[in-house]
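>>> Generate a structure from the sequence data that follows.
(chains A and B)
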Amino acid sequence: MELSHDQVRDIAELAKLNLTEDEVALYAEQLSHILQYFERLQALDTSEIEPTASVLPLRNVFRLDEAGVPLPPEAVIANATDTEDNQFRVSAVLGDA
Amino acid sequence: MTGWKPVIGMEVHAELETHSKMFSACPVVDSVTAPPNTAVDPVSLGLPGTLPVINLQAVEYAMMVGLALNCEIPPVNQFARKSYFYPDLPKGYQISQYDRPLCINGWLDVEVTPEGGEPYTKRVRIRRAHLEEDTGKLTHVAGGSLVDYNRAGVPLLEIVTEPDINSAAEAEAYARTLRSILQYLGVNSGDMSKGVLRVEPNISVMHPDDAEFRTRTEVKNLNSLRVLFRATEAEIERQIGLYESGGEVQQATLGWDENKNRLVVQRVKERADEYRYFPEPDLPILEISRAWVAEVSAKLPELPEAKRARFMDELGLNAYDARVLVMEQAVAHFYEAVLAAGANGKSAANWITGSLFSLMNANGFNREDIEKSKITAQQFAELVKLVDGGALNKGTAATVLNTMWETGADPARIVEEQGLAQVSDTGAIAEAVARVLAENESVVQDYLGGKEKLFGALMGQVMRAMAGKGDPQVIKQTLTDLLEARRG
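This is a model prediction of the structure:
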């Protein structure tokens, strides 16, 4: 499968990357190669194999609903580049989640 | 404007009231009042090296909701990463569920009372309900935003309906009924103003000629059921207006501006969201045995619908009284406490839905605040018993109730202090009736001459003459007897 340049630009936008046109062309080629490996895997006959939702052998790992001790607010914001009133301060965000 | 049919699906996000967060032992606090970033741990922050672990209580609460909404609980459950980039989400993804949600294919019957129309029951299908974690809270300030992660990681249940809702009244009725169930289950306070319950309608309108759905919009920031109703109605009208004037509806997220009392467009979506869901590698599969489902099912409390049926069957209440008594859990709780204190079911229902609700309305009390007034269930039961036992007539009882509301005093004490006990003494009543008849000779003559409606006027005169304390039954009988004697 060949990724189009538009698809690469979409992926770059989701990853918050600014790519030059040269880079778009480069990554389109490289990502297409990666996808081709998966196409080889998909060609295998897996009809006799049970579908797998997870490769972990674990099931149902829970914790009881008991509250522990939170971090002190100073520790929470210790690595922030900008803070105000014990909160992280971020530049104005356009758009909504 | 005719012919257009609103098509609405609802997304409800309900925080589950656990002690700790969805994936860690971090305490859950009131995110409106708690100081910022005082309930945050490394998992809430998504720090490198942390691992989530599922909160068992949150899973059971979510199962309870699913079962109350008549959902299937599939045997295999899986969490997934929903990736998006926004400061309220420190990890860059939200742990949610995607193709293996906890609850699927349910339904909820809701009773709808349209303005000026007859009540009817509507079945709303529940597509799915899945567990996820809540996000942090952003406060927008000049030149930026402040981020508080107290709410990040709080267990959140997203409940999604099929597009079965066709009016603002139905949307409100669905949200009200669902909220009531969450409250009965004890998993959510239902406080929309604090954002622990967030109701978001997806709205489009359909023309009779349409073969498929039109573009839909999503409405957010609805902090009460009343606002949900008004915003939904406004958005339906806006969309119809656009189509009727030759315009088009753009896919968008709208919000309700509380100050301006109108809808504002928050964001126009130019492309579909791309969340790149994939199975959460840090969490193992959740297998839910049928035995576990049965165990949780057995723990469900009596739900509003069952309680309503019981009130009607066992206590003989009418459908309306039974419905308003169960809708708010606090009201049902108060009513049942009044019954436990020995009051008659029907009388207590009448006094609550009549005089007490009027007093609450007049004093700005919401129904859910019924137990916050000065009147205890015990006192209220005493009042009802005084009336039923004939010691107080209804008019005086309303006065006593007003005093109870203001002072919190026992009804018996108010009756005694103010000398309000009902007079059933036939001697005193006969005397009052005779005096009124003597003073109103011309009315008596007109009555005897055929104007039988005047009976009520004479009755009123006697009640007044006895300062409202006379037993109406005895007065009526005595008045009839004395008037008939005049005919002879």
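
>>> which helix of the chain spans the most residues?
Picking chain A for this. As assigned by DSSP state H, the longest helix anywhere in chain A is helix A:21-42.

>>> my bad, chain B
Per DSSP H, chain B has its longest helix at helix B:225-244.

>>> Check what contacts the host helix or strand of residue B:405 and list those residues.
Using DSSP states H and E, residue B:405 sits in helix B:394-407. Helix B:394-407 is contacted from outside by B:351, B:355-356, B:359, B:363, B:373-375, B:379-380, B:383, B:386-387, B:392, B:409-411, B:414-415, B:418, B:420, B:422, B:463, B:468-469, B:472, using C-beta atoms under 8 Å, 6 or more residues apart in numbering or on different chains. To be clear about C-beta, it is placed using only N, CA and C from the backbone, and glycine gets the same treatment.

>>> ok, the residue positioned nearest the centre of chain A to chain B distance?
The residue lying closest to the centre of chain A (C-alpha atoms, centre = their mean) is residue A:15, at 8.0 Å. Separation of residue A:15 from chain B (C-beta to the nearest C-beta, to the nearest Å): 9 Å.

>>> Contact partners for that residue?
Applying C-beta under 8 Å, 6+ apart, no residues contact residue A:15.

>>> Repeat that for residue B:113.
B:119, B:169, B:173.

>>> which one in the residues you listed is the model shakiest on?
Lowest pLDDT within those is found at residue B:119 (88).

>>> burial count for residue B:399?
Neighbours of residue B:399 under the rule other C-beta atoms under 10 Å in any protein chain shown: 15.

>>> now it: how far from residue B:383?
With distances taken as C-beta to C-beta, to the nearest Å, residue B:399 is found 11 Å from residue B:383.

>>> swap in residue B:86?
If you go by C-beta to C-beta, the gap between residue B:86 and residue B:383 works out to 55 Å.

>>> Which one's more surrounded, those two?
Neighbour tally, residue B:86 and residue B:383, criterion other C-beta under 10 Å: the higher count belongs to residue B:383, 28 against 17.

>>> Which ones among the contacts of helix B:394-407 lie within helices?
B:351, B:359, B:379-380, B:383, B:386-387, B:411, B:414-415, B:418, B:463, B:472.

>>> Which ones, among these, also lie beside chain A?
When contact is defined as C-beta under 8 Å from any C-beta of the partner chain, the ones in helices among the contacts of helix B:394-407 do not meet chain A at all.

>>> most neighbours, which of the residues you listed?
In terms of neighbours by other C-beta under 10 Å, the ones in helices among the contacts of helix B:394-407 top out with residue B:383 at 28 neighbours.

>>> which residues of chain A score low on pLDDT?
A:93-97 (pLDDT under 70).

>>> now with 90?
Scanning chain A with the threshold set as pLDDT under 90 gives A:1-2, A:11, A:13-17, A:42, A:46-59, A:91-97.

>>> ranges for the helices of it?
A:5-14, A:21-42, A:73-76.

>>> Centre of the chain to the shortest one, how far?
Pointing back at helix A:73-76 there. 26 Å (C-alpha atoms, centre = their mean, to the nearest Å).

>>> Which positions in chain A make contact with chain B?
Contact residues (C-beta under 8 Å from any C-beta) of chain A with chain B: A:10, A:14, A:16, A:53-54, A:56, A:58-71, A:73, A:76-77, A:82, A:84-93, A:95-97.

>>> if you set the cut-off to 7 Å instead, what comes out?
A:14, A:16, A:53-54, A:56, A:58-68, A:70-71, A:73, A:76-77, A:84-93, A:95-97 (C-beta under 7 Å from any C-beta of the partner chain).

>>> Sort out for me which of those are in strands.
Among the residues of chain A next to chain B, the members falling in strands (DSSP state E) are A:62, A:63, A:84, A:87, A:88, A:89, A:90, A:91.

>>> tally of neighbours for the first one?
The reference is to residue A:62. Residue A:62: 15 neighbours (other C-beta under 10 Å).

>>> beta partners of it?
residue B:54 (DSSP bridges).

>>> what's the spacing between it and residue B:14?
Residue A:62 is 21 Å from residue B:14, by C-beta to C-beta.

>>> out of the ones in strands among the residues of chain A next to chain B, who's nearest residue B:297?
residue A:62 (19.1 Å; C-beta to C-beta).

>>> ok, the closest one touching residue B:58?
No: using C-beta atoms under 7 Å as the test, residue A:62 is too far from residue B:58 to be in contact (9.5 Å).

>>> who touches residue 22 in this structure?
Answering for chain A, as no chain was given. For residue A:22, the contact set (C-beta atoms under 7 Å, 6 or more residues apart in numbering or on different chains) is empty.

>>> Hmm, no, I was thinking of chain B.
B:55, B:58, B:133, B:153, B:154, B:155.

>>> separation between the third one and residue B:253?
Translated: residue B:133. Distance from residue B:133 to residue B:253, by C-beta to C-beta: 21 Å.

>>> Who has more neighbours out of these two?
Neighbour totals were compared for residue B:133 and residue B:253, and residue B:133 leads with 25 against 18 (other C-beta under 10 Å).

>>> The more buried one bridge partners, please.
residue B:155.

>>> mind listing what it touches?
Residues in contact with residue B:133 (C-beta under 7 Å, 6+ apart) are B:22, B:23, B:94, B:95, B:153, B:154, B:155, B:156.

>>> what residues are up against the closest residue in space to the last one that isn't next to it in sequence?
Yep, that's residue B:156 we're talking about. Among residues not flanking residue B:156 along the chain, residue B:134 sits closest, at 4.5 Å (C-beta to C-beta, 6 or more residues apart in numbering or on different chains). Taking C-beta under 7 Å, 6+ apart, we find residue B:134 in contact with B:15, B:151, B:152, B:153, B:154, B:156.

>>> Per-residue pLDDT of residue B:271, please?
Note on residue B:271: pLDDT of 68.

>>> An error on my part: the question was meant for residue B:210.
pLDDT, residue B:210: 93.

>>> I'd like to know which elements the helix or strand containing residue B:157 is packed against.
Using DSSP H and E, residue B:157 falls within strand B:155-161. In terms of contacts (3 or more C-beta pairs under 7 Å, 6 or more residues apart in numbering or on different chains; DSSP states H and E), strand B:155-161 is packed against strand B:5-15, helix B:56-68, strand B:120-133.
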